[in-house]
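> below: sequence and its predicted model.
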Amino acid sequence: MEVGYIYDPIFTEHRTGDHIENENRVITVHEVARHFPLLPLPIRKATKEELSLIHNPRYIEWVQHAYEEGYRFILNEDTLLSERSFEVARYAAGSTASVIDSFKRGEIGRAFLNIRPPGHHAERESGQGFCIFNNIALMARYAQNQGFEKVMIIDFDVHHGNGTQDIFYDDPTLFFFSTHERNNYPYFSGSEDEIGVGAGTGFNRNRPYGDYCRDDELLQLYDDLPDDFDFDILLVSAGYDLMADEAISTAQITFDGLRELVRRILDFAGEKPTAFLLEGGYNLPSLARSVEITLEELTCYH
Ligand SMILES: [Zn+2]
């Protein structure tokens, strides 16, 4: 089965200067990915109607005009805006739909999306934490509209996926599982007692870890993946900022540990369509090796 791949130079046009979330990340990942037998998939721009599946239309309108009106960031200088950021963010989110279409046509069994800006901190009402629109949330909703009714999301970025949790918190058709460093951004979400609300109760599972988390400690948390949620598709917020060489956290995950984690996730997926979306990861050599390991595992069907 083929492995789909999304990348386009447009993802370098969200200009953030010296910020750690900059265009060199996707360029670095693309340099690694081009050595693998991946099926390039076309990018496409999310429509405003599609973005409205996951975001308040007022927020979408605000992002569209923010730069023209002189705003250079959302909320604070964590999340920068440049002249083309609205366009680029629409392509990052919309390209997830292109992958779902390819899954649906049976062309691919797995995919890796080398996209930016990242998405998992973007909540329904606002972007934050380097994220403008929530790519994985749009992918999940679009997948559901294409017949993949039950969606499983695993988020292994070192930061809690507060945006994804926010968007699906009352939704029993999507199971959100996140492991992340407890004493790290966004600080006020991600505890174990956040389990969903209303009909969504029990479909949100956070497994935070302490400082200096090691491989065995992280992998053990994955014993808590749900064994009774019969999903149709698995989407992964692949944030590589949990690696030992990343300055943004204290986590001490090794490359062997990451490989084991990716294998655990792929075992969990079984034969079901599985997509990894780039979220964090800022130390470029570490990011390159991490994505290489991920692609080695994705392209190797056991
Ligand atoms: Zn992160």
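Arrived safely, thanks for sending.
> stretch 274-293 - what's its average pLDDT?
Taken as a whole, stretch 274-293 has a mean pLDDT of 98.
> does any bit of that stretch sit next to the ion?
Yes. Shown here: stretch 274-293 in contact with the ion (CB under 5 Å from the ion) through residue 280. Placement of C-beta: from N, CA and C, glycine included.
> check which residues of that stretch are buried.
By neighbour count on 16 or more other CB atoms under 10 Å, the buried set for stretch 274-293 is 274-284, 286-293.
> how about the helices of the stretch 151-300 of the chain, start to end?
Assigned by DSSP state H, counting those that start in this stretch, the helices in the stretch 151-300 of the chain fall at 162-168, 215-221, 255-269, 284-298.
> elements contacting the last one?
Applying 3 or more CB pairs under 8 Å, 6 or more residues apart in numbering; DSSP states H and E, one finds that helix 284-298 makes contact with helix 24-33, strand 108-113, helix 255-269, strand 274-278.
> hmm, who's touching it?
The contact list for helix 284-298, computed with CB atoms under 8 Å, 6 or more residues apart in numbering, reads 3, 24-25, 28-29, 31-33, 36, 38, 110, 112, 114, 238, 240, 243-246, 255, 258-259, 262-263, 266, 274, 276, 278, 281.
> just the first one next, same as before
Helix 162-168 is touched from outside by 54, 119-124, 128-129, 131, 134, 136-137, 140, 153, 155, 174, 176, 178, 186, 189-190, 194, 200, 203-204, 206, 237, with contacts defined as CB under 8 Å, 6+ apart.
> just the ones of those residues in strands?
If you go by DSSP state E, those have 153, 155, 174, 176, 178, 204, 206, 237 in strands.
> quick one: least confident helix or strand in the chain?
Using mean pLDDT, DSSP states H and E, strand 73-74 stands out as the lowest-scoring helix or strand of the chain, at a mean of 84.
> neighbouring strands - and their directions - for it?
strand 79-80 (antiparallel) (DSSP bridges).
> could you identify the helix or strand that succeeds the partner strand?
Going down the chain from strand 79-80, the next helix or strand is helix 85-104, by DSSP states H and E.
> kindly calculate the angle that that next one makes with strand 274-278.
Per axes from the mean of the first three to the mean of the last three CA atoms, to 10 degrees, the angle that helix 85-104 makes with strand 274-278 is 160 degrees.
> tell me the buried residues in helix 85-104?
Residues of helix 85-104 classed as buried by neighbour count (16+ other CB under 10 Å): 85-86, 88-100, 102-103.
> what sits up against the least confident helix or strand of the chain?
Residues outside strand 73-74 that contact it (CB under 8 Å, 6+ apart): 63, 66, 79-81, 126-128, 132.
> same deal with stretch 199-206?
Identification of contacts with stretch 199-206 by CB under 8 Å, 6+ apart yields 160, 165, 168-172, 174-178, 180, 190-192, 194-196, 224, 226, 229.
> quick one, which of those are buried?
Applying 16+ other CB under 10 Å to the contacts of stretch 199-206 flags 160, 165, 168-169, 171, 174-178, 180, 190, 194, 196, 229 as buried.
> assumed residue 43 was part of a strand.
No. Residue 43: not assigned to a strand; according to DSSP: H, G, I helix; E, B strand; the rest coil it is coil.
> spatially nearest residue to the residue positioned nearest the centre of the chain (excluding sequence neighbours)?
The centroid of the chain falls nearest to residue 237 when counting by CA atoms, centre = their mean (3.0 Å). Counting by CB to CB, 6 or more residues apart in numbering, residue 237 lies nearest to residue 155, which is 3.8 Å off, once chain neighbours are set aside.
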